[in-house]
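> The following comprises the amino acid sequence and a computationally predicted model.
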Amino acid sequence: MKIHQLVFFFLIAIILSCSKDDGSGSVDNCETLAEDFGTAQSTFLSDQTTSNCDQYLSLMIERDEDCNVSNTSAINYYTKFCPCMDLYQNSLDAGDVYQADPDNKEKCEAYRASLKAIFEAPNCDEDGNYEFLYNANDCD
C-alpha cells in the first residue's frame, strides 16, 4: 500500500509542477509526457514488473529534465527499486504456491530460494525482512 501512495503522491506532484509558463520544455511535450507518465504509472501499479517499473522511471526522468519537474528523491528511490520488482513477484508467487501446500518440502525450498534471491540482490532487502523470512522458514 505504501508503494501505491508514494506513486500517487509523485504523480500529483509532477502534474502540478509542470506549468505552461515555466520556460522549459514545450507545453505540448509536457502535456504528452504527463499523459504518458500517467499511463506508465497505471500499467506499473497493475503489473509491477521490472520492465514496467523501468518504463515508469524513464518517463519520470524525462519529465524531470524536460518540464522543470524536480523528482530527485523519487528518481533515486525507483532507480534502486525497479531492479527488484521481478524478484519480489517471484517471491510472492512462490509464497502462494508454498502456502497452498505447506507440507511440501520442494515448494518450501523454492519459496526460500526466492527470498534468498531478494536479500542477496543489491538494495532489495535494505530492512532485512526477506532475510528474516528466509531464516524463519525452515523446510525440515
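Perfect, I can see it now.
> where does the chain have low pLDDT?
Within the chain, the segments meeting pLDDT under 70 span 1-27.
> run the last query once more with 80
Applying pLDDT under 80 to the chain flags the ranges 1-28, 68-73.
> quick check: domain ranges of it?
2-70, 85-136 (automatic domain parsing).
> Among those domains, which comes closest to residue 79?
Among the domains of the chain, domain 2-70 comes nearest to residue 79, with 6.6 Å by CB to CB. The way it works is simple: take the backbone N, C-alpha and C, and place the C-beta from them, glycine included.
> For the domains of the chain, please prepare JSON lines with the additional fields mean neighbour count and distance to residue 79.
Formatted as JSON lines, the domains of the chain follow (neighbours: other CB atoms under 10 Å; distance: least, CB to CB, whole Å):
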{"stretch": "domain 2-70", "mean neighbour count": "16", "distance to residue 79": "7"}
{"stretch": "domain 85-136", "mean neighbour count": "16", "distance to residue 79": "9"}
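> Having no further points to raise, I will conclude here.
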